[in-house]
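**Q** The sequence and its predicted three-dimensional model are supplied below.
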Amino acid sequence: MSVQAVQPERGGRGRLRPGPGRGVALFAGLVVGLLTGAGAPIEGEVPPQHTESLTAASRQVDPSVVDTITFADPAGTQLLGTGIIVSSTGLVLTDYHVIRDGVFIGVRVGGRGAVHPASVIISNPSDDLALLQIEGGGWVKPAVLGIASTARVGDPVLAIGNALGLDGALRAVSGRLVALRRSVSYGVGSSVVSLAGILEAATPVFAGDSGGALVDGQGRVIGVIAAGSDDAPCPRGAVCPLHLAYAIPIGQAMDQIGYGQGF
């Protein structure tokens, strides 16, 4: 899968500068059967005083995050990712590379229970975004959407998603913001997606977290996880986290799919 270098768009206090070997790895929906094992994701460095608020934030957001399950072709290749419920009617925001041109898409709210069929309402490959509609989704709880522009470098955050596609509860991993306006490029199939204005967080993430929520300490979703990177080598066959997460700011994502945040 194609990997491109991360380039800083604007400077900022506390930003991590990419080293010569650092790249952005695409979190394509996890292909079932390729990754196995692994325990809970590694926690990021968060001051103790923020731990309680982040725990409360996780409880608030979990019911508004879904596992996405996509059958990518008639042969039954299954991709697992994450999505964020953004309206009480059952609209789910996710990454395009999580669902691509799937022949069947289903979601599991909060990572548990039944799989509910979903259809693609908006597909935006150039911005790596998609909007889904859960069939009969009027009973769901939408996430509280924040404003990424009010975030600051050093703020504590959570990455919540379907890490490794493991059954059961969603996994929330703590970390902190290290940059607010990155530019990143990565491959989606035969194309390269280039995104600007991206949030960067020192937060371990895994395959399957794509489309997941980057959440602030008040339980507000401020970004959609799209990619990650790490300088550390990962042994062949091992399951290793990427220690930097890149997220599309939530307001930017909603604007790019034509909805804004006012619905």
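**A** Everything's here; your move.
**Q** Now the element after the helix of greatest length in the chain, going C-ward?
**A** With secondary structure taken from DSSP state H, the chain has its longest helix at helix 51-61. Next along the chain after helix 51-61, taking DSSP states H and E as the criterion, comes strand 65-71.
**Q** coming back round to it: list the buried residues of the longest helix of the chain.
**A** Judged by neighbour count (16 or more other Cβ atoms under 10 Å), helix 51-61 contains these buried residues: 54, 57-58, 60-61. Heads up, the C-betas are built off the backbone N, CA and C, glycines and all.
**Q** As CSV, these with distance to Ile250 and pLDDT would be great.
**A** Compiled in CSV, those are given as follows (distance: Cβ to Cβ, whole Å; pLDDT from 0 to 100):
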residue, distance to Ile250, pLDDT
Leu54, 18, 72
Ala57, 15, 84
Ser58, 17, 85
Gln60, 15, 90
Val61, 12, 92
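**Q** where do the strands sit along the stretch 51-200 of the chain?
**A** Counting by DSSP state E, counting those that start in this stretch, the stretch 51-200 of the chain has these strands, from start to end: 65-71, 78-85, 91-94, 104-109, 116-124, 129-134, 156-161, 171-188, 191-202.
**Q** For Cys240, which of the ones you listed is the nearest?
**A** strand 171-188 (13.8 Å; Cβ to Cβ).
**Q** angle of that closest one against helix 51-61?
**A** Interaxial angle of strand 171-188 relative to helix 51-61 (axes from the mean of the first three to the mean of the last three Cα atoms, to 10 degrees): 70 degrees.
**Q** Show me what strand 171-188 is packed against.
**A** In terms of contacts (3 or more Cβ pairs under 8 Å, 6 or more residues apart in numbering; DSSP states H and E), strand 171-188 is packed against strand 4-5, strand 7-8, strand 23-26, helix 51-61, strand 156-161, strand 191-202, strand 221-229, strand 244-249.
**Q** could I get those as CSV with distance to Leu132?
**A** Converted to CSV, the helices and strands packed on strand 171-188 look like this (distance: least, Cβ to Cβ, whole Å):
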stretch, distance to Leu132
strand 4-5, 27
strand 7-8, 31
strand 23-26, 20
helix 51-61, 18
strand 156-161, 16
strand 191-202, 19
strand 221-229, 13
strand 244-249, 16
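**Q** Run a quick neighbour tally on Val215.
**A** When counting by other Cβ atoms under 10 Å, one arrives at 31 neighbours for Val215.
**Q** Could I get the contacting residues of Tyr246?
**A** Contact criterion Cβ atoms under 8 Å, 6 or more residues apart in numbering gives 6, 24, 182, 184, 198-201, 225-229 as the residues in contact with Tyr246.
**Q** closest one to Gly146 among the helices and strands packed on strand 171-188?
**A** Nearest of these to Gly146, taken as Cβ to Cβ: strand 221-229 at 4.4 Å.
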